[in-house]
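> sequence and predicted structure are below.
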Amino acid sequence: MYAPHTYEKGVLIIETNLYVSVANNSYSYVPLGEPCEFKLKMPSEKARVFEHLFQQINSIEFHNAVRAHIPYLQYHMDESNHEIDYRIMKIYALIHEFGDEETKKFVEQLPYFNN
């Protein structure tokens, strides 16, 4: 099977398809039964960034669930909410970088893109 590739600074770069679901905090190298919002073509070594960002978001969301039981800390004042937004912005930046033209146009109309 032929895998699209390029050479960058003398290093072989293998491109792969990546199916990303921001809503489900997930990605896959093959289309699975779950819906995905985006199909990207990107270097395989960069695809793992999605795994790290989604894991960080899940960890922060767990912290937020625990924090929600602390009555004196208001939700909108919690710094960890900004950390989730920051990671979502990174995810959409990657989607914009490696998506097709339709995907790029979609991301460009998001409020995250204009910050």
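Perfect, I can see it now. Residues are numbered from 1 along each chain as shown.

> which residues are contacting stretch 33-47?
With contact meaning CB atoms under 8 Å, 6 or more residues apart in numbering, stretch 33-47 is reached by 4, 13-24, 26-29, 94-95, 97-100, 103. Bear in mind the C-beta positions are built from the backbone N, C-alpha and C, glycine included.

> let's see that with 7 Å instead.
Outside of stretch 33-47, the residues within contact range by CB atoms under 7 Å, 6 or more residues apart in numbering are 13-24, 26, 95, 98-99, 103.

> of these, just the buried ones, PyMOL syntax please.
Remark: buried members of these, expressed as a PyMOL selection using 16 or more other CB atoms under 10 Å:
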select buried, resi 15+16+18+19+20+21+22+95+98+99+103
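
> so which residues of the protein form strands?
5-8, 11-21, 26-28, 38-43 (DSSP state E).

> out of those, flag the one nearest Y86.
In terms of CB to CB, the element of these nearest to Y86 is strand 11-21, at 17.7 Å.

> could you dump the closest one to PDB, C-alpha only?
The C-alpha coordinates for strand 11-21 follow below in PDB (Å, rounded to 0.1, in the frame of the first residue of the first chain):
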ATOM      1  CA  VAL A  11      13.700  13.400   6.700                       C
ATOM      2  CA  LEU A  12      11.000  11.200   5.300                       C
ATOM      3  CA  ILE A  13       7.500  12.600   6.300                       C
ATOM      4  CA  ILE A  14       4.600  10.100   6.000                       C
ATOM      5  CA  GLU A  15       1.200  11.700   5.700                       C
ATOM      6  CA  THR A  16      -1.900  10.100   7.200                       C
ATOM      7  CA  ASN A  17      -5.600  10.700   7.300                       C
ATOM      8  CA  LEU A  18      -6.900  11.700  10.700                       C
ATOM      9  CA  TYR A  19     -10.600  11.700  11.600                       C
ATOM     10  CA  VAL A  20     -11.200  14.200  14.400                       C
ATOM     11  CA  SER A  21     -14.300  14.800  16.600                       C
END
